[in-house]
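> no sequence on hand, only this structure:
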């Protein structure tokens with residue numbers, strides 16, 4: 001009997017110990033579950049907050065080009081960084097996908113849909129090439145394919161060659177000769193005023209056999225530096241857009257006789273960003289080796305210069321738009337090309353598009369189409385715009401040309417029947 005009592009007592013102790021162990025295990029498990037829930041909630045909240053901030057910045061950047069920098073300049077800085085924000089958003093899309101943050105992913109996808117038009121304008125993806133020429137009209141009748149090739153290039157003072165040395169070869173001249181273009185628009189076109197060097201007449205004679213028609217407009221600072229047009233077709237009218245005696249920007253409006261049909265052409269070089277050379281060097285150093293002091297100095301120097309340039313180009317684009325409204329008939333074909341010094345997400349660009357122009361690169365190009373490549377700045381600031389009278393067939397950024405801080409841009413159009 002005693003042994004049985006002892007055995008029963010031990011069994012009772014065992015049951016009580018087991019029960020206590022289970023209770024403690026449940027409490028520990030509950031505590032661990034609580035910590036896990038807090039961590040998951042914090043993680044979801046941070047991801048959602050980062051996604052919301054990125055989406056708001058991306059939308060603000062995409063539509064910043066509708067705000068005149070003379071009224072508020074901050075959106076212009078958002079616009080120039082649109083490509084960076086877009087790249088971050090694409091990377092963030094895959095982060096959300098891998099972490100299965102479905103609600104945040106949905107918000108980002110909706111944001112992509114909202115900015116789809118500016119994004120396509122900034123980075124089109126025509127992997128199959130541009131559209132085919134039209135061979136029939138709306139009535140089904142066959143039409144002649146009337147093509148026109150255009151070449152635009154900021155030469156950076158003719159590739160920074162020594163223009164005073166007549167024996168030194170100028171690659172830009174050879175590039176123009178081999179381009180096969182019907183119309184050649186050059187910016188920062190330079191020559192020397194000294195006899196015995198590459199004078200304006202000497203350069204003109206080198207291209208006269210291919211381009212019998214020519215016009216040159218000097219810029220405000222140097223008589224031997226400006227914009228030039230070399231044309232295979234007669235120039236019937238030439239109007240300087242900015243007629244101020246000082247402080248003007250370089251832009252010309254032409255009317256050309258192209259195979260018996262009159263068309264308009266604009267060759268432009270809008271105000272540069274006026275960044276001090278010291279600030280450019282400082283920016284290079286900051287990109288290569290980040291320093292807080294460099295960032296602060298850039299903010300006070302470079303940012304002020306950019307803000308001023310945005311405001312000036314706003315006025316210049318308005319002046320050019322007004323000349324087109326006054327001088328160019330709506331039923332006449334029009335091409336606008338040159339160095340705008342502004343990206344496709346900018347007020348200046350948007351202002352010119354509003355006169356009924358289409359972006360050639362947007363309709364035929366692949367990728368962002370970088371045309372400026374110096375000082376760790378990579379942007380598409382050289383543009384070719386066309387009216388509805390043209391069908392853009394092909395465009396290309398000539399990245400094989402390395403003798404300027406810009407790349408040349410060439411395009412082929414079909415001039416549609418009247």
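Perfect, I can see it now. None of the values given here were measured: they were computed from a predicted structure.
> which parts of the chain belong to which domain?
25-122, 147-415 (automatic domain parsing).
> tell me the contacts of residue 197?
163, 164, 165, 166, 191 (CB atoms under 8 Å, 6 or more residues apart in numbering). In this view, the C-beta of every residue, glycine as well, is placed from N, C-alpha and C.
> spell out the secondary structure type for the closest residue to it other than its chain neighbours.
Spatial nearest neighbour of residue 197, excluding adjacent residues (CB to CB, 6 or more residues apart in numbering): residue 164 at 3.9 Å. Of the three states, residue 164 takes coil according to DSSP: H, G, I helix; E, B strand; the rest coil.
> what count of nearby residues applies to residue 164?
Per other CB atoms under 10 Å, the neighbour tally for residue 164 reads 15.
> residue 191 versus that one, what's the distance?
10 Å (CB to CB, to the nearest Å).
> what is in contact with those two at once?
197, 198.
> I'd like to know which of the contacts of residue 197 are buried.
Neighbour-count burial (16 or more other CB atoms under 10 Å) applied to the contacts of residue 197 gives 163, 191.
> closest to residue 336 among the contacts of residue 197?
Nearest to residue 336 out of these is residue 191 (CB to CB; 25.2 Å).
> from residue 221, how far out is the closest one?
Taking CB to CB, one finds residue 191 at 15 Å from residue 221.
> can you give me phi and psi for the residue nearest to residue 64 when sequence neighbours are not counted?
Distance criterion CB to CB, 6+ apart; nearest residue to residue 64, sequence neighbours excluded, is residue 75 at 3.5 Å. The phi and psi values for residue 75, taken as degrees, to the nearest 10, are phi -60, psi -30.
> I'd say residue 75 and residue 57 touch.
No. With contact defined as CB atoms under 8 Å, residue 75 does not reach residue 57; the gap is 11.4 Å.
> ok, the two, which is more surrounded?
Ranked by neighbour count (other CB under 10 Å), residue 75 and residue 57 place residue 75 first, with 22 against 16.
> before we move on, back to that, please report how far the residue nearest to residue 197 lies from residue 69.
The gap separating residue 164 from residue 69 is 40 Å, by CB to CB.
> the stretch 101-250 of the chain: helices as residue ranges?
Counting by DSSP state H, counting those that start in this stretch, the stretch 101-250 of the chain has helices at residues 102-114, 116-122, 156-160, 171-179, 200-207.
> now do the contacts for residue 401.
Applying CB under 8 Å, 6+ apart, we find residue 401 in contact with 153, 175, 407, 408.
> what's the answer for residue 324, then?
Residue 324 neighbours (CB under 8 Å, 6+ apart): 253, 264, 266, 334, 355.
> out of these, flag the one nearest to residue 403.
Nearest member of the contacts of residue 324 to residue 403, counting by CB to CB, is residue 266, at 25.2 Å.
> picking up where we left off before, would you turn the helices of the stretch 101-250 of the chain into JSON lines with mean neighbour count, distance to residue 61 and mean pLDDT?
Listed next are the helices of the stretch 101-250 of the chain as JSON lines, based on neighbours: other CB atoms under 10 Å; distance: least, CB to CB, whole Å; pLDDT from 0 to 100:
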{"stretch": "helix 102-114", "mean neighbour count": "15", "distance to residue 61": "11", "mean pLDDT": "97"}
{"stretch": "helix 116-122", "mean neighbour count": "17", "distance to residue 61": "8", "mean pLDDT": "97"}
{"stretch": "helix 156-160", "mean neighbour count": "18", "distance to residue 61": "29", "mean pLDDT": "89"}
{"stretch": "helix 171-179", "mean neighbour count": "17", "distance to residue 61": "35", "mean pLDDT": "95"}
{"stretch": "helix 200-207", "mean neighbour count": "16", "distance to residue 61": "42", "mean pLDDT": "94"}
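> among those, which comes closest to residue 388?
Comparing the helices of the stretch 101-250 of the chain by CB to CB, helix 116-122 comes nearest, at 17.2 Å.
> what's in contact with that closest one?
Applying CB under 8 Å, 6+ apart, the external contacts of helix 116-122 come out as 62-63, 65, 82-83, 86, 112, 343-345, 359, 362, 368, 380.
> in this protein, which helix or strand is least confident?
Least confident helix or strand, the chain: helix 277-288 with a mean of 53, by mean pLDDT, DSSP states H and E.
> look up how far residue 353 lies from residue 318.
13 Å.
> now do the SS call for residue 403.
Under three-state DSSP, residue 403 comes out as coil.
> next, count neighbours for residue 408.
25.
> wait, residue 138
For residue 138, the count of nearby residues is 6 (other CB under 10 Å).
> return the backbone torsion pair for it.
Torsion angles, degrees, to the nearest 10, at residue 138: phi -60, psi -20.
> got a pLDDT number for it?
Residue 138 carries a pLDDT score of 79 in this model.
> now the helices for the stretch 301-418 of the chain?
347-353, 360-364.
> please spell out which residues along the longest one are buried.
Burial within helix 347-353, assessed by neighbour count using 16+ other CB under 10 Å, is assigned to 347, 348, 349, 350, 351, 352, 353.
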